[in-house]
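Give me the fold of what follows.
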Amino acid sequence: MRTKHGIFLLIALFLVFPFSEASSFEGPLQVKNLYPIFLHTGRPYTEKAAAENSMSYSLSHSSTYTVKESAEWVINLDMEITELNFRYRRIISDLFEFDLDIPVLIFSSGFMDGFLDGYHDTFGFADYGRSKRPHNEFLYEVKRDGVLIVKGKSGTGFGDIRLALKSPLVSSEDFNLSIKGDIDIPVGSAEKGYGNGSVDTGVSVMLDKRISGSTMTYWNFGAVFPGDLKGYETVELKNFLYGGAAIETMLDKNLSFLIQLSGQSDIYPETGVAAVDGRAYLIAFGGRYYKGKRSFEFSLTEDLNTTGAPDFIINLTYKLLL
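Residues are numbered from 1 along each chain as shown. All right, here's what the predicted structure looks like:
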């Protein structure tokens, strides 16, 4: 399988490269799950425990194909999503880190279908039925018992805005431990699929552990308590658990390499559609270039089990320490 081969290759890279000593680490890759119907929830992402003053801009692009029906549900997702996300972090009185996330989402028919068809055919990978639909034709529709819940259209809109407070419990160069609470403000349209129309809350524990002068690990575990999805009809969403782990190693004083794994339990009520009902697992790998107080990050994320995640996510991030 392509995923297993990729994991073995990435581990081999860690063993082969002559890593240098370094002490600057800016945390896991800034990647969120862009699976369309999970935009309804407080989307968690892996982050570091150490507090900081910073602002960043992330540009992510993903492709999703889930066109399935069950006895009760219709889940039609054939689309690409581009997200521009602004993040602001500020330490307050050396006690808390205040976090603000503002996402702007672009739903589109995209341009990747032809490339993905060729990719699947060349390597013999399953295409999940993508070839049965016209290339680059937008489809976003969710129904239960024939009643419309979400009807998305190509366009641009704000996603739900996140506010959070992080409280460091232990802080040092080699070990950091923090707890965090966050709340999502329902700004995005629930009927069009940009949000869920309800307040979401979450709590998490974050840990950073240095394992050598050039390598840092990051560990997250948390729970999200989403409000009801208030689309054309209301759907009660499940509370869910999530976790993430990442490793960052410095290749030289300005360049690091990262691998991270993340997962979350199911969110929707039982739909009978395997791509929605199962747990989501993602693997991301990428690099970060450091230039003074600035950093530039690139990553690629793939779904490990074709459940609850896009086919892939490409992410570019610019970050400035304040």
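
isn't residue 105 right next to residue 158, touching?
Yes - proximity of residue 105 to residue 158 meets the contact threshold set by CB atoms under 8 Å, at 7.4 Å. Heads up, the C-betas are built off the backbone N, CA and C, glycines and all.

Residue 169: neighbour count?
Using other CB atoms under 10 Å, residue 169 has 12 other residues around it.

Would you mind measuring from the closest residue to it other than its chain neighbours to residue 224?
Once flanking residues are discounted, residue 169 sits nearest to residue 177: 4.6 Å by CB to CB, 6 or more residues apart in numbering. To residue 224, residue 177 is 21 Å away according to CB to CB, to the nearest Å.

The two - which one has more neighbours?
For the pair residue 177 and residue 224, the greater number of neighbours falls to residue 224 (24 against 18), based on other CB under 10 Å.

a strand runs through the more buried one, doesn't it?
Yes - under DSSP: H, G, I helix; E, B strand; the rest coil, residue 224 sits within a strand.

residue ranges with poor pLDDT in the stretch 1-150 of the chain?
The stretch 1-150 of the chain contains residues with pLDDT under 70 at 1-23, 110-136.

now the helices for it?
With DSSP state H, counting those that start in this stretch, the ranges of helices along the stretch 1-150 of the chain come out as 2-16, 113-123.

just the stretch 151-300 of the chain next, same as before
274-277.

Can you give me the neighbour number for residue 46?
Neighbour count for residue 46, taken as other CB under 10 Å: 26.

What are the phi and psi values at it?
Dihedral pair for residue 46: phi -80, psi 130, per degrees, to the nearest 10.

Give me the neighbour count for the spatially closest residue to residue 299 that is not a sequence neighbour.
In this structure, residue 299 finds its nearest non-sequential neighbour in residue 286, 2.9 Å apart by CB to CB, 6+ apart. The number of residues packed near residue 286 is 21, by other CB under 10 Å.

For residue 286, name its beta-bridge partners.
Beta-bridge partners of residue 286, counted by DSSP bridges, are residue 258, residue 299.

close enough to count as contact, the residue nearest to residue 169 and residue 168?
Yes - Residue 177 lies in contact with residue 168 (CB under 8 Å); the separation is 7.4 Å.

Need the residues touching each of those two.
By CB atoms under 8 Å, 6 or more residues apart in numbering, residue 177 and residue 168 have these common neighbours: residue 49.

Centroid-nearest residue for the chain?
residue 32 (1.4 Å; CA atoms, centre = their mean).

next one: phi and psi at that one?
phi -120, psi 160.

Let me see the contact set for it.
Residue 32 makes contacts with 43-45, 60, 83, 85, as judged by CB under 8 Å, 6+ apart.

Closest one to residue 140 out of those residues, please.
Of all those, residue 83 has the smallest distance to residue 140: 15.1 Å, by CB to CB.

Skip the chain neighbours and tell me the closest residue to the closest one.
Spatially, and ignoring its direct neighbours in sequence, residue 83 is nearest to residue 60 (4.7 Å; CB to CB, 6+ apart).

Could I get the contacting residues of the one you found?
31-32, 34, 81-83, 85, 313-316.
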